[in-house]
Structure formats: structure tokens, C-alpha cells
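# Fold the stuff below for me.
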Amino acid sequence: MKVIIIGAGWAGAAAAITAKKAGADVTIYEKTDMILGLGNVGGIMRNNGRFTAAEELIALGSGDLINITDADSRHKNIDFPGHKHAWLYDVNKIEADVRDYLINMGIKINLIKRVVDIKKNNKTIEGIFLSDGTYVKGDVFVETTGSTGPMGNCLRYGNGCSMCILRCPAFGPRISLSQRAGIDDIKGEREDGSFGAFSGSCKLAKESLSPDIVKELDDKGVVVLKIPPEDINLDKLKIKVCQQYALKEFAENVILLDTGNAKLMTSFYPLEKLRKIPGLERVKYVDPYAGGKGNSIRYLSVSPRTDDMRVKGLDNLFCGGEKSGLFVGHTEAICTGSLAGCNAVRYALNMPLLILPKQTTIGDIISYANYKLLTEDGIKTRYTFAGADYFKRMQETGLYTTDIDKIKNRIENLGLTGIFDKKLI
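Numbers count the residues shown, from 1 in each chain. Below you'll find the predicted structure:
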């Protein structure tokens, strides 16, 4: 059985792992020269409700990527405004470690191989076409291409190409395969009705910061610096994709996190204004290079799907990550990708597809985000375990906990312990 995964971000990597564990022949096609995509500039795990979700993944048998981020964490159990017990992984180590792990599992990774089209027979995808004209057949497909790019979208809905980690000019634009198959994508909206949202953070070169700030980052993992009163802009919070960081503290302060580089918790910040802040007089951006002007635009390509992660209107295409909903974060991508990869194999074996129950936080967010898309305000909301509306829901329903034994028992009582770790072929 051949499972083809398009896109090697966190969701694609997670889908590959669960499909491989189930016994499939798994091949990933990635348009750039690196896996993990936005994971190369992320770094935040286990904050707020993501702790619960991470431990659910481990109990379900798909904690592989959580274990790697844990091992690569520079700081553990740190707090910053609005967030508790965060772990910060090293963005300069994570990609190679995950790549090696996938390869050692026997997963085939094809880099600089951009998928541009599909061949379809009625509701079944038979194969994919690469940009060089190569045609590849498969039994079942998982699309985890994300929702960022191409350059034209960043120009139309943002401030132009910000030269981010995805590097569309070098490796080509993102292609929506579900759209190529005739399924209309959903676009996320902002409060004013415009489409998309800016990525929520930037990376600064640590060596360009003052020695005092570098030491504090190394010691504590977080630094909070006051913004001059004349530069405070509360309206800027409305454009962020990461609504869990749309707090007053993030408008009145520059918040830096140590992820190997210094993670700047704002979508963009004019360089000359940034250099007015004591200790940042010589600061420079690492990602995006145009972080003084803008950032990448996301949530422009979401596939309509069912709660088993299958794309509506197609029999053998599954999706995960931002392609599967208005989700924010690495943990969220790993959760949706894990289910997509498992169900891809189940579909090919004619087995019933797995829908995680709402008694799990993973099953609940997958179902809740889908339901909310049908509501008037749902298209303007983002869903994350880490904050905003969904974390409130976790707390209100009792799903949020940092008690690992309680989480294990929850999964065990549902009969789901190790469900993603079982060989099906």
C-alpha cells in the first residue's frame, strides 16, 4: 500500500509516522530543501492546553515528535504573558533531528519536489504530477501543504513577500491539491472581513542583541522589554494569526523567547523603532528578512473535511495542519496530521475510519473547529490549545489538565491507548 504525503511540515511528518507505523509504504514530497516548514521558526510547545494535547498524543501512540521537541528543548516550564509551563525547542536543531528520525523509520523523503497537479478518476485521486513533469501513482494521499503563499497572496492580503522561511521565490508557490481536484478551499477572515492573517512572530539574531539581554534569554528563556509610549499600537493585535497572543501585554512590550534565535512575539515591527529599545540598538531580523515591514499571510487555503480528516467530495484524499482548519500551532498540526495518516491506511484497508471522541481534547478541537466553520463568526476565529476561545473551552469542559496520569487514564478508559502505534498491515 502506497501512501503519498504532500508537504513535510509538522502535519506531514506526523501523518508519515502514523501511516508508517500502520505498515504502509510512505513517501513524502516537499517543495523546499528542508522539512518542518514553519516549524523551523516556531519553537513553542506544551504551553497552556498544548500540554494536555501533547500528553494525549503520547498516550495515543503518536508522541514521537513530542519526544523529539522535548529532547531539543532549551527551556522547560517557563511562563510569559498569558502562557504557563511552555517548553521552547531549539529551531536550529529540530529539522535535522526530525528528518533523521523519519529516514530511520524507512519513510522516503523527496526534497525540492513540488507537486503541482493531480490525476483524478471521479472521486478518486490516482496520482500526482511534479513540477518537472514526473507522474507518481499512489493508493491514498494526505495533503499537508499549509495555507501560506504564493507570493501573490502575501502581496494582495499583506505587505508583499516578506522573504520568510517558506521561500516561495526560490522553490515555487504553494499549490492546493484539493482545489486542483475541484474542491473549493475555505479562506479565513479577519475582523474587518479581509482574508488571511499575518504570521504571529519573527526571529532575531541573538548575537545582534546586547550581552545583558542574551544572558537573560539564556538563563530564563524569556525577556520582556517596554515599548516607548509613542510606538504602542493596540490595533496591530487584530492582524495576528495567533489570537492567543493578541493580549495588551504584547502591544505594550516586546516579548522575546529563546528558541536558539530570539523569537520576537509580534507579526512585524519597524526596524528603526525596534532599535530605539535599549539593548536592541543593533538588532537584525533572521526570519522573515523583511520583518520590519511584514510577515507571511496564512489561512488562505483550508479544505472542507469530515472529522476523520478526509476531504469532502474525494474518497482517498486526507488533510492535516492548516490545510485542515483554522488551526494555530505545531501541536495542533501534529494532532491533525497523526489522525490523517492513520486514517489514510484505514481507508486503503477498507477499515472503519477513526474519529477521536470529544472526551479527548484532540477529538474535541477537530470537531469544534469544523462545526464553527458553519457559524457566522467561525471563519474569523482561530483554534489553538494554547489560548483564545478554544483554551477557554478546554478549561470550561474540564479537558485541560497537566496531570499526566489523568490524561493517560482518559485515553485508556476510551480504549484508545496506543491506537496510533498499531500495525494494521
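
# same for the lengthiest helix in the chain, what does it pack against?
With DSSP state H setting the assignment, residue counts place helix 330-348 as the longest helix in the chain. With contacts defined as 3 or more CB pairs under 8 Å, 6 or more residues apart in numbering; DSSP states H and E, helix 330-348 has these neighbours: strand 2-6, helix 10-21, strand 44-45, helix 50-60, helix 64-71, strand 140-143, strand 317-319, helix 361-372. C-beta coordinates here come from the backbone N, C-alpha and C atoms, glycine included.

# mind running it again at 6 Å?
helix 10-21, helix 50-60, strand 140-143, strand 317-319 (3 or more CB pairs under 6 Å, 6 or more residues apart in numbering; DSSP states H and E).

# For residue 362, which of those is the nearest?
helix 50-60 (5.4 Å; CB to CB).

# what's the angle from that closest one to helix 64-71?
130 degrees (axes from the mean of the first three to the mean of the last three CA atoms, to 10 degrees).

# What segments of the stretch 51-200 of the chain are strands?
73-80, 83-89, 108-110, 115-121, 124-130, 135-137, 140-143, 197-198 (DSSP state E, counting those that start in this stretch).

# quick one: contacts for the residue nearest to residue 120 when sequence neighbours are not counted?
Sequence neighbours aside, residue 181 is the residue nearest to residue 120 in space, at 5.5 Å (criterion: CB to CB, 6 or more residues apart in numbering). Residues counted as contacts of residue 181 (CB atoms under 6 Å, 6 or more residues apart in numbering) are 118, 120, 314.

# cool, residue 8 as well?
28, 30, 35.

# ok, now residue 159?
Per CB under 6 Å, 6+ apart, neighbours of residue 159: 293-294.

# Would you check how far apart it and residue 196 are?
12 Å (CB to CB, to the nearest Å).

# Now mean pLDDT too, for the strands of the stretch 51-200 of the chain, in CSV please.
As requested, the strands of the stretch 51-200 of the chain are arranged in CSV below (pLDDT from 0 to 100):
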stretch, mean pLDDT
strand 73-80, 97
strand 83-89, 97
strand 108-110, 98
strand 115-121, 97
strand 124-130, 98
strand 135-137, 98
strand 140-143, 98
strand 197-198, 90
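
# Those: which one's closest to residue 394?
strand 83-89 (12.9 Å).

# partner strands of the closest one, parallel or antiparallel?
strand 44-45 (antiparallel), strand 73-80 (antiparallel) (DSSP bridges).

# List every C-alpha atom in it, with coordinates, as CSV.
Output of strand 83-89 as CSV, limited to C-alpha atoms (Å, rounded to 0.1, in the frame of the first residue of the first chain):
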residue,chain,number,x,y,z
HIS,A,83,1.0,31.4,29.0
LYS,A,84,2.1,28.8,31.5
HIS,A,85,4.6,25.9,31.5
ALA,A,86,5.9,26.4,28.0
TRP,A,87,8.8,24.4,26.5
LEU,A,88,11.0,26.1,23.9
TYR,A,89,12.7,23.8,21.4
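
# Now do that strand: everything it contacts.
Here strand 83-89 has contacts from 43-48, 51, 69, 72-78, 221, 257, 259, using CB under 6 Å, 6+ apart.

# Repeat the analysis, applying 8 Å as the threshold.
Strand 83-89 is touched from outside by 43-48, 51, 69-70, 72-80, 221, 244, 257-259, 263, 386-387, 402, with contacts defined as CB atoms under 8 Å, 6 or more residues apart in numbering.

# Select only the buried ones of those in ChimeraX?
Buried residues within the contacts of strand 83-89, by 16 or more other CB atoms under 10 Å, are selected in ChimeraX with:
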select :43,44,45,46,47,48,51,69,70,72,73,74,75,78,80,221,244,257,258,259,263,386,387
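
# picking that back up, dump the helices and strands packed on helix 330-348 to TSV, plus distance to residue 409.
What follows is the helices and strands packed on helix 330-348, written out as TSV (distance: least, CB to CB, whole Å):
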stretch	distance to residue 409
helix 10-21	23
helix 50-60	9
strand 140-143	31
strand 317-319	29
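
# lowest-confidence helix or strand of this protein?
None of the helices or strands of the chain scores lower by mean pLDDT, DSSP states H and E than helix 248-252, at a mean of 74.
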